[in-house]
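Trainee: Build me a model from this:
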Amino acid sequence: MYRYTSDNKTRRIIDIIFGYKTSEIRKPNSILQYRQETKSFLLKYNQDINIYNNMSQPLAERLRPRTLDDYIGQKHIVGENAVLRRMIESGHVPSFIMWGPPGVGKTTLARIIANKLDTPFYTLSAISSGVKDVREVIEKAKSNPLFHTTLSPILFIDEIHRFSKSQQDSLLNAVETGAVTLIGATTENPSFEVIRPLLSRCQVYVLKSLDKDDLLKLLYKAVAEDFILKDKSIDVRETDAILRFSGGDARKLLNIIELVVAAEKDNNAIEITDQKVVDRLQENPAAYDKGGEMHYDIISAFIKSIRGSDPDAAIYWLARMVEGGEDPEFIARRLLISAAEDIGLANPNAMLLANACFEALKKIGWPEGRIILAETTAYLACSPKSNSSYLAVESAIATVRETGDLPVPLHLRNAPTQLMKDLGYHKNYKYAHDYEGNFVKMNYLPDELLKRRFWIGQHNPAEDKHIERMIQLWGDRYK
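Mentor: Residues are numbered from 1 along each chain as shown. Okay, here's the model as predicted:
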């Protein structure tokens, strides 16, 4: 039976916050009225206490979706008739890993799935959990009364890429036998960070940064539906800055809204403008993890832009690395590699400039070093391209692996002792400088490879001269 019991402290909190007095509940005329009024009171009490508790939560947590219909973004996997949505609605979800940048809804989606399937939900953070924690959760899942039903308990592991090999190994049997349905979340490429046996047992779904429409939908939803914000008169005048600073991250967008509103807590009429957002944030720390996936994506875009002879794009990606705090010497090393691999013999000066850039950085330091990097980047991007040297060495390495350690021809061997001379070492070797034009035809490859070609010149003004000279010296061999 429900009882009208509440200590004085709780009564006072409710009285003060919600404006009704628990001490003035009327005495019921009947048991039925007693039960009805008690249930009504307790329902109101629980709702109001939940609101009170939620007031201390960040906006991102208060607005966390509870259903797929409220979920914003990722239409390619949870939109109408999308693959993951169909599985969720069918009630059969296999183990899977969500890979995507921060703030795109990985944790939220895992919770929605658990609620939809009405199955026990266990969560671990790879940052603070060890093998012991994993085994304890698995044992707890197995001992759950619902374990022997058709639905396995869900084990959600955030930042699963931070688990060591032994920690990931401890999951294998439970996932294999269906003791748990594993849902992992990672911001890093699972191909590199998750062990192959675990990866083979899980489907990987790629979550994307939220696009402009998704972010705007979330922005207006927050202003209209959050129980704190909707009591204020918030006028969203401009959105360019808030979208730019959010960078496709829903959590960041909501944090920015909260920051702008909090700065005017005594003002119920609030305008959100680009300038106000910039002023509140002061600066936008670039989303750049020097040890993470974005690090490799941006350096890849940088090198590909140089290779593609697009100085504008190359300078842009350079700026992204500069703003993200990338090690300048790392950038300089990549410029050196690009000069050799992508420009090569088409402009040998590129290697000299890239090397000078590396040395100058050590002398000049930062931030002026960014100018040296920019000059070298632009020069390499504008230079004619050739990867003939790169292709030559790759072809030669493949041949070495194919043919093994072929013997060095006797005439090319050094003969520092009489015994070696007696064995024919160095015999019949022709010293090129003793001949006209400092050249004489002779075999320099092992006999088995005399017809192999490795360096094949590419057509550009500088390399054409090398090709022409090789044809003059060797004839048809270099045509």
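
Trainee: next helix or strand past the helix or strand containing residue 221?
Mentor: Assigned by DSSP states H and E, residue 221 belongs to helix 212-225. Proceeding N to C from helix 212-225, the next assigned helix or strand is strand 233-236, under DSSP H and E.

Trainee: Go ahead and confirm residue 226 touches residue 63.
Mentor: Yes: the pair residue 226 / residue 63 is scored as a contact, 6.0 Å apart, by CB atoms under 8 Å. Using the backbone N, CA and C atoms, a C-beta is placed for each residue, glycine as well.

Trainee: Give the buried residues for the helix or strand harbouring residue 136.
Mentor: Applying DSSP H and E as the criterion places residue 136 in helix 131-143. Buried positions in helix 131-143, judged by neighbour count with 16 or more other CB atoms under 10 Å: 134, 137, 138, 141.

Trainee: what's near enough to touch the third one?
Mentor: It stands for residue 138. 155, 170, 171, 174, 179, 180 (CB atoms under 8 Å, 6 or more residues apart in numbering).

Trainee: cool, and the second one?
Mentor: With CB under 8 Å, 6+ apart as the criterion, the residues that contact residue 137 are 122, 124, 155, 180.

Trainee: which other helices and strands contact the helix holding residue 221?
Mentor: Here helix 212-225 touches strand 233-236, helix 240-246, helix 250-262, going by 3 or more CB pairs under 8 Å, 6 or more residues apart in numbering; DSSP states H and E.

Trainee: how far does that helix sit from the chain's center?
Mentor: Distance, stretch centre to chain centre, for helix 212-225: 24 Å (CA atoms, centre = their mean, to the nearest Å).

Trainee: For it, which residues meet the burial criterion?
Mentor: Buried, per 16+ other CB under 10 Å, within helix 212-225: 214, 215, 216, 218, 219, 222, 223.

Trainee: can you pull the contacts of the closest residue to the last one other than its chain neighbours?
Mentor: Closest residue to residue 223 apart from its sequence neighbours, by CB to CB, 6 or more residues apart in numbering: residue 234 at 4.9 Å. Contacts were defined as CB under 8 Å, 6+ apart; by that measure residue 234 touches 223, 261, 270, 271, 272.

Trainee: Emit the PyMOL select command for whichever of these are buried.
Mentor: Remark: buried members of the contacts of residue 234, expressed as a PyMOL selection using 16+ other CB under 10 Å:
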select buried, resi 223+261+270+272
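
Trainee: can you give me the strands in this protein?
Mentor: Using DSSP state E, the strands found in the chain span residues 96-99, 121-125, 154-158, 181-186, 203-206, 233-236, 269-272.

Trainee: would you put the C-alpha positions of the longest one in PDB?
Mentor: Taking C-alpha atoms only, strand 181-186 is exported to PDB below (Å, rounded to 0.1, in the frame of the first residue of the first chain):
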ATOM      1  CA  THR A 181      26.100  -9.000 -28.200                       C
ATOM      2  CA  LEU A 182      29.100  -6.800 -28.500                       C
ATOM      3  CA  ILE A 183      28.600  -3.200 -29.700                       C
ATOM      4  CA  GLY A 184      31.900  -1.400 -29.900                       C
ATOM      5  CA  ALA A 185      32.500   2.300 -30.600                       C
ATOM      6  CA  THR A 186      35.700   3.700 -31.900                       C
END
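
Trainee: circling back: take the buried residues of helix 212-225 and lay them out in JSON lines including distance to residue 88 and pLDDT.
Mentor: Converted to JSON lines, the buried residues of helix 212-225 look like this (distance: CB to CB, whole Å; pLDDT from 0 to 100):
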{"residue": "214", "distance to residue 88": "20", "pLDDT": "94"}
{"residue": "215", "distance to residue 88": "24", "pLDDT": "94"}
{"residue": "216", "distance to residue 88": "26", "pLDDT": "94"}
{"residue": "218", "distance to residue 88": "21", "pLDDT": "94"}
{"residue": "219", "distance to residue 88": "26", "pLDDT": "93"}
{"residue": "222", "distance to residue 88": "25", "pLDDT": "92"}
{"residue": "223", "distance to residue 88": "29", "pLDDT": "91"}
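
Trainee: Closest to residue 243 out of these?
Mentor: Of all the buried residues of helix 212-225, residue 215 has the smallest distance to residue 243: 5.6 Å, by CB to CB.

Trainee: Settle this for me: that closest one is touching residue 244, isn't it.
Mentor: No: look at residue 215 against residue 244 with CB under 8 Å: they stay out of range, at 10.3 Å.

Trainee: Can you read off the pLDDT for residue 56?
Mentor: Among the per-residue scores, residue 56 shows a pLDDT of 68.

Trainee: whoops, residue 53 was the one
Mentor: Looking at residue 53, its pLDDT is 53.

Trainee: do residue 287 as well
Mentor: pLDDT, read off for residue 287, is 51.

Trainee: same deal with residue 252?
Mentor: At residue 252, the model reports a pLDDT of 90.

Trainee: and it, what does it touch?
Mentor: Listed by CB under 8 Å, 6+ apart, the contact set of residue 252 reads 102, 103, 245, 246.

Trainee: let's see it at 10 Å
Mentor: Counting by CB atoms under 10 Å, 6 or more residues apart in numbering, residue 252 touches 60, 102, 103, 210, 215, 242, 245, 246, 284, 287.

Trainee: what two of those residues are the furthest from one another?
Mentor: Within the contacts of residue 252, 60 and 284 form the most distant pair, 18.2 Å apart (CB to CB).

Trainee: Neighbour count for the two, which is higher?
Mentor: Neighbour tally, residue 60 and residue 284, criterion other CB atoms under 10 Å: the higher count belongs to residue 60, 19 against 15.

Trainee: Which residue comes closest to that one once chain neighbours are left out?
Mentor: In space, and not counting its chain neighbours, residue 60 is closest to residue 254: 4.3 Å by CB to CB, 6+ apart.

Trainee: separation between the residue nearest to residue 236 when sequence neighbours are not counted and residue 214?
Mentor: Distance criterion CB to CB, 6+ apart; nearest residue to residue 236, sequence neighbours excluded, is residue 272 at 4.8 Å. Between residue 272 and residue 214 the computed distance is 18 Å (CB to CB, to the nearest Å).

Trainee: Same question for residue 342.
Mentor: Distance from residue 342 to residue 214, by CB to CB: 37 Å.
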